[in-house]
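Asker: would you be able to build a 3D model of this:
(one chain, ligands or ions: 1)
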Amino acid sequence: MSESMPFTEFLRDMAQHKRQADRRRAALTEYGCSTYWLIHQRGQPGIRCLCCGLDSFNPTDIAEKFCGFCDTWHTEWLEEQTHADHV
Ligand SMILES: [Zn+2]
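Answerer: The predicted structure follows:
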């Protein structure tokens with residue numbers, strides 16, 4: 001049986017996770033990559049943050065391309081033409 005994580009440790013983990021997400025976001029943005037995927041789970045549309053890994057099924061988050069954990073908006077591909085011809 002594992003003990004529940006002390007709250008301070010939980011907060012430190014969150015802060016660390018947030019820093020990692022920020023770094024990933026910076027790298028993805030630098031390479032002109034989008035920071036999210038649009039996903040479908042159990043027939044429900046959602047949005048996955050590629051920085052922190054959070055899935056959101058909130059229609060507002062999807063519409064605005066917002067990540068609640070990162071507390072910021074996603075970036076799109078820099079180039080408009082994402083060739084969908086490699087099926
Ligand atoms: Zn995120």
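
Asker: so, in contact with the ion or not, stretch 27-36?
Answerer: No - under the criterion of Cβ under 5 Å from the ion, stretch 27-36 makes no contact with the ion; the nearest approach is 7.6 Å. Quick note: C-beta positions are derived from backbone N, CA and C, even for glycine.

Asker: residues in contact with that stretch: which ones?
Answerer: Applying Cβ atoms under 8 Å, 6 or more residues apart in numbering, the external contacts of stretch 27-36 come out as 25, 47-51, 65, 67, 74-79.

Asker: in helices only, show me the residues you listed.
Answerer: Arg25 (DSSP state H).

Asker: out of the contacts of stretch 27-36, which touch the ion?
Answerer: Of the residues in the contacts of stretch 27-36, proximity to the ion by Cβ under 5 Å from the ion holds for Cys49, Cys51, Cys67.

Asker: residues from the chain in reach of the ion?
Answerer: Residues of the chain found near the ion, taking Cβ under 5 Å from the ion as the criterion, are Cys49, Cys51, Cys52, Leu54, Cys67, Phe69, Cys70.

Asker: so which of those residues are in strands?
Answerer: Restricting those to those inside strands, with DSSP state E as the criterion, leaves Cys49, Cys67.

Asker: just the buried residues of the residues of the chain next to the ion.
Answerer: The neighbour count (16 or more other Cβ atoms under 10 Å) marks Cys49, Cys51, Cys52, Leu54, Cys67, Cys70 as buried among the residues of the chain next to the ion.

Asker: among the ones next to the ion among the contacts of stretch 27-36, which one lies nearest to Arg19?
Answerer: The shortest approach to Arg19 among those belongs to Cys51, at 10.8 Å (Cβ to Cβ).

Asker: which residues touch the closest one?
Answerer: Contacts of Cys51 were listed using Cβ under 8 Å, 6+ apart, and they are Ala21, Asp22, Arg24, Arg25, Leu28, Thr35, Cys67, Cys70.

Asker: I appreciate the help and will end here.
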